[in-house]
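A.B. asks: need a structure here:
(2 chains)
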Amino acid sequence: MGISASMLSRIPVFGSPVLPGHDMSPVDVALKKRMADVVLNAARSKGATYTDVRIGRYLNQFVVTRENKVENIVDTQSYGMGIRVIANGCWGFAATDKLDNDSIAKAAELAVAIAKENARIQTDPVQLVPQKGHGEVSWKTPIERNAFEVPMKEKTDLLLSVNDAAMKGGANYVNSILFLVNEQKYFASTDGSYIDQDIHRIWPLFAVTKIDSKTGKFETRQSLSAPRGMGYEYMTPRESDKIKSVTTLYKDRYDMLEDARAAATQADQKLKAKSVEAGKYDLVLDPSHLWLTIHESVGHPTELDRVLGYEANFAGTSFLTLDKWESKKFNFGSKNVNIVADKTQVGSLGAVGYDDEGVEAKKWDIIKDGILVNYQAIRDQAHIIGLKESQGCCYSQSWQDVQFQRMPNISLQPGKVPMGVNDMIKNVEKGIYIIGDSSFSIDQQRYNFQFSGQLYYEIKNGKIVGMLNDVAYQSNTQEFWNSCAAVCDANDYRLGGSFFDGKGQPTQSSAVSHGSSTALFKGVNVINTARKI
Amino acid sequence: MAILTEDECRAILKKALGYSKADECEINFGGSDSGNIRYARNTVSTSGSLSQTSMVISSAFGKKLGVVTTNEYDDASVEKAVRLSEELAQLAPENPEFVSFLGPQTYSPQSKTFVPETAAITPALRTDMVGKSLDTAKENKLIAAGFLQNSAGFSSMMNSHGLFAYNTSTDVNFSVTLRSEDGTGSGYSTKGYNDVSKLDTLAFTKIAAQKATGSKGAKAIEPGKYTVILEPAAGIVLLEQLYGGLDARSADEGRSFLSKPGGKTKLGEKMVDERVNIYSDPSHPDLPTGSWAGDGQPQVKRSWIEKGVVKNFTYSRYWAQKQGIKPIPNPDGIIMEGGNATLEELIKGTEKGILVTRLWYIRPVDPQTLLFTGLTRDGTFYIENGQIKFPIKNLRFNESPVIMLNNLDALGKAERTVSGESGQNALIPPMRIRDFTFTSLSDAV
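C.D. replies: Below you'll find the predicted structure:
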């Protein structure tokens, strides 16, 4: 489907609250291997021809504040096992949080029973591309400081100081959140893999609200942070990671305090900004905004399960049908558009050692010089596009959900010609510079989309002349990417992303990053969103 | 885990509370068994089964709160969890907005939220129900993708002030999308019930098949303002945005579509057409829901919009205390009164308009006006002189449910539907709306 709406108000809590300071060290690997072997043997004895088992301990921490109050501190832990089998050529899945040998063996039997039952109405048996076993291996997110081990006071002090800065800057209200994730997951399969992984993610967020009491008008400005596959080191500002534009933008380290100060001022400026005149504009899109456009208009339509119809009932299908890929000349975008899928990118949300069916992380081209060259596939789809091995895109949000194809990091590559954002703006006659993400919506085949941002600056004759409001742009994916006239160089490259890419039934969330440098799109249709009720 | 009885829950909770040494303690205890089957490309794809329980223990010392969960119920594990919640409470910062747990409450009798036949659904029955849907697709030379999910669960809570609550529920939800083999037509149908005997997967798949076949060869029309008939599956995704936004605090703080300049709100004011009546009722026979909210507050029949006037906001217990009024919990099921007209009669009475099966990817554009954007999907048809004339290409809208309900033209008969966005069940009528704003065309089928 896409990124969950209203991130601040609808953060889903997976698992169960537990005590901060609860033992966060991973479960003993030898114990997990013994449990996995019980399941692999039990499933085989009931007729499974393939089995994988995931033993997961998923830890989340939320620190939630508003103004001068810590509203909530929640630590959640969810520990259990998901068992996936193939029997009679059909998938079956069962999950349990009762982890004694009898219970997990029964869950394995149930998974096989479900597979056999479903095989009655199946037409094409599951075909897996081969995957060699890795033996006993492990992988960890390369973090410098484990955010779960940072004293709680340090985290609450930071958020309260952020709120204080926003309030002193004139905000009427401010909410801030620190959201931490640690996935401790163990994978074993009948292919001979026993993979132990320890994955960390962090996401600081805030929203500043400013109200004009006379008119009753209100505006918000949300943080320009990115969720990252990093430890608490992301929260330590570093000058070399700042890009000075009309507002300061952040690369691999975030200055939350500085951003909150700017946000309070900008929320006030938004209240006074000129309402945009609808029409065609050249758009200069900052990576803090463009990541979401990439996600929706490139990431989702190149998911092979959507292309094949597996998501037709919910998330939808894709306009990037197999014939377009087979032609090797489908003009997805201009020559400036080079997009890669990458599960290995350091600091990204999608970075892992191995996916949730034991395939090692990879990097490959999706759009090359504007042409569609590949999709995103997992083991039971790879044969359909002639791949001899999976691209490693399988993921489940927890032990209790079945794994399926999820988006890897999908990123626009920087331009090769030296160019910064100021160089880009100099060449724009009538345009809008958009920073930060906001409203987003796209159709079920990924043609027609509409996006908004946090900050809009009007560009006239190569110069920023002021702030705009009520801006949304609408376009068609292929038209939009063909209008890409320039991409700034690698010095401007940054990651954006979300923890909440939703897809599947039952719906699952996945964390994914999208990198880019600032890019220029010519002649895009902008609408005015102001209404009266 | 089997569904625990009220007596079993009471005994477990009483024992757990007995370990508490905090100023006050509250324990929520629930569990569910669920199963699902998913299909696409006219064959089964993934499916699963999940059994889970959890006990959430909240301990408070003054305004300091600690929360811990366990899913192990032997005496030692429960006592350990209670102790951990107390340690956390002592470590936590004081929350000035913490409100002491409720005392004993009186709840209305449980409505028919639990149906034994639904709780007894087996993998074989799920396969049979989906098999009928797949057969219909194949007979009509269409390609099916769908989802069937059932669950049965119990929930209970008890606290040190003497409150106890218990409820059981079952659900079965079904949705299907049928597409033509050439990809030029698509149709959708969805239904959800507490009672599996009401769910006819064959009948609902036939509706989707009719829409899929009928939507082939769609023509483009100019975006603009049109009269639309929103079927319940389309209307609910906009109505629930209004219904879910009735929070008093946001309105009082001046950052809601319900706020007015100078710190005032629209409570008690006419906001939409006078034929709009929206309420919640836990004991409604067609949409039974639980008789208590998660914090123990009773759920009662309550009007939210009556004759177009905003009658009630939701108040958290903290905000209600601050305002000196009674708290009002978030309701569970949205009910909108309808008329007697069938969908066909609404179409017959339409001179020119658009029939919308489903709206999709609904996202907020402006919270000040409750403006949302999204698109039509899986069956959009042009109506002229009371008849469906031809299928049309999908359209993007930018519209506020407040403006939409002001432009209400006619209401049909209310029926159960499921939101494709939130997954929530509702009881709402098809609606005919004037001047619904479409802003661009989509090539998506």
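
A.B. asks: what sits up against the helix ranked longest in chain A?
C.D. replies: Assignment by DSSP state H gives helix A:101-119 as the longest helix of chain A. When contacts are defined by C-beta atoms under 8 Å, 6 or more residues apart in numbering or on different chains, helix A:101-119 is touched by residues A:35, A:38-39, A:42-43, A:46-48, A:51, A:81, A:83-96, A:98, B:35, B:37, B:44, B:47-49, B:123-124, B:127. Bear in mind the C-beta positions are built from the backbone N, C-alpha and C, glycine included.

A.B. asks: Next, check these against the strands and list the overlap.
C.D. replies: The strands in this structure, assigned by DSSP state E, contain A:51, A:81, A:83-87, A:90-96, B:35, B:37, B:44, B:47-49 from the contacts of helix A:101-119.

A.B. asks: hang on, the earlier thing: now do the longest helix of chain A, average pLDDT.
C.D. replies: Helix A:101-119 carries an average pLDDT of 95.

A.B. asks: and that helix, how far from the chain's centre?
C.D. replies: The chain centroid and the centroid of helix A:101-119 are separated by 32 Å under C-alpha atoms, centre = their mean, to the nearest Å.

A.B. asks: Tell me the strands beside the next helix or strand after it, with direction?
C.D. replies: As assigned by DSSP states H and E, the chain's next helix or strand after helix A:101-119 is strand A:135-140. Strands adjacent to strand A:135-140 in the sheet, as given by DSSP bridges, are strand A:193-212 (parallel).

A.B. asks: Output the helix or strand just after the partner strand as PDB - backbone C-alpha positions only.
C.D. replies: Per DSSP H and E, the first helix or strand lying C-terminal to strand A:193-212 is strand A:217-222. Presented in PDB, the C-alpha positions along strand A:217-222 are these (Å, rounded to 0.1, in the frame of the first residue of the first chain):
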ATOM      1  CA  LYS A 217      -5.700  29.200  11.300                       C
ATOM      2  CA  PHE A 218      -3.100  26.700  12.400                       C
ATOM      3  CA  GLU A 219       0.000  25.200  10.800                       C
ATOM      4  CA  THR A 220       2.500  22.500  11.700                       C
ATOM      5  CA  ARG A 221       6.100  21.900  10.800                       C
ATOM      6  CA  GLN A 222       7.400  18.400  11.300                       C
END
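
A.B. asks: any idea of the mean pLDDT for the helix or strand just after strand A:217-222?
C.D. replies: Using DSSP H and E, the helix or strand that follows strand A:217-222 in sequence is strand A:242-244. Per-residue pLDDT over strand A:242-244 has a mean of 97.

A.B. asks: Specify the residue ranges that define each domain of chain B.
C.D. replies: B:6-212, B:217-244+B:268-312+B:330-445 (automatic domain parsing).

A.B. asks: now the shortest one, how far from the centre of its chain.
C.D. replies: For domain B:217-244+B:268-312+B:330-445, the separation from the chain centroid amounts to 13 Å (computed by C-alpha atoms, centre = their mean).

A.B. asks: is chain A contacted by it?
C.D. replies: Yes. Applying C-beta under 8 Å from any C-beta of the partner chain, one finds domain B:217-244+B:268-312+B:330-445 touching chain A at B:360-371, B:373-375, B:377, B:394, B:396, B:398, B:400, B:402-403, B:420, B:423, B:439-445.

A.B. asks: Show me what counts as buried in the longest helix of chain A.
C.D. replies: For helix A:101-119, the neighbour count (16 or more other C-beta atoms under 10 Å in any protein chain shown) marks A:104-105, A:107-119 as buried.

A.B. asks: Out of the helices and strands in the chain, which is least certain?
C.D. replies: I went with chain A, as the question did not name one. In chain A, no helix or strand scores lower on mean pLDDT, DSSP states H and E than strand A:16-18, which sits at a mean of 38.

A.B. asks: To clarify, I was referring to chain B.
C.D. replies: strand B:64-70 (a mean of 82).
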